[in-house]
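> What follows is a predicted structure for the sequence shown.
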Amino acid sequence: MSKENLENVIVFAKRENKPILVYLHSQHCYTSKKFTREVMATDSVRKYAGTRYFCINGDIAREFGTTYCKKNDILVLPVVRLLSPD
């Protein structure tokens, strides 16, 4: 996700008055893959998060994930963060 896409998510989140859920992971991290498979990809979590949050799924191998981790000093994965749209 690019900076522009994140800005779009923030605009929509403000409009809908919903928090933003950021999930950061790595395809090469065993713990990330396990957490994705056993928690984040379950129907109950997807349904719950999808109705209450604007969700961002960020792989650290992609631009958004790399930038977000560096900017926020994230050293351990996986990470789930809740952000205010403000």
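Looks like it came in fine. Numbers count the residues shown, from 1 in each chain.
> CA only for contacts and neighbour counts going forward, please
OK.
> Distance of the closest residue to residue 83 other than its chain neighbours relative to residue 29?
Ranked by Cα to Cα, 6 or more residues apart in numbering and with sequence neighbours excluded, the top spatial neighbour of residue 83 is residue 20, at 5.0 Å. Residue 20 sits 24 Å away from residue 29, taking Cα to Cα, to the nearest Å as the criterion.
> Tell me where this structure has helices.
Remark: helices assigned in the chain by DSSP state H are 3-16, 30-35, 43-52, 63-71.
> low-scoring pLDDT stretches of this protein, where are they?
Within the chain, the segments meeting pLDDT under 70 span 1-4.
> Compare residue 20 and residue 29 (neighbour count), which wins?
Using other Cα atoms under 10 Å, the more surrounded residue of residue 20 and residue 29 is residue 20, with 22 against 13.
> which residues does the more buried one contact?
Neighbour list for residue 20: 10, 13, 53, 54, 55, 56, 82, 83, 84, 85 [criterion: Cα atoms under 8 Å, 6 or more residues apart in numbering].
> check contacts around the residue nearest the centre of the chain.
Nearest residue to the geometric centre of the chain (Cα atoms, centre = their mean): residue 22, 2.2 Å. By Cα under 8 Å, 6+ apart, the contact set of residue 22 is 55, 56, 57, 58, 79, 80, 81, 82, 83.
> what residues are up against the fifth one?
Neighbour list for residue 79: 22, 23, 24, 25 [criterion: Cα under 8 Å, 6+ apart].
> So which of the residues you listed is the closest to residue 42?
Among these, residue 23 lies closest to residue 42 (Cα to Cα), at 14.2 Å.
> Give me the neighbour count for the closest one.
19.
> How about residue 50?
Using other Cα under 10 Å, residue 50 has 12 other residues around it.
> Check residue 77 too.
As a burial measure, residue 77 scores 17 neighbours (other Cα under 10 Å).
> Quick one: residues contacting it.
If you count contacts by Cα under 8 Å, 6+ apart, residue 77 has them with 24, 25, 26, 29, 31, 32.
> From residue 83, how far off is the residue lying closest to the fourth one once chain neighbours are set aside?
What it means is residue 29. Leaving out its chain neighbours, the residue that sits closest to residue 29 by Cα to Cα, 6+ apart is residue 77, at 7.7 Å. Computed as Cα to Cα, the residue 77 to residue 83 distance reads 18 Å.
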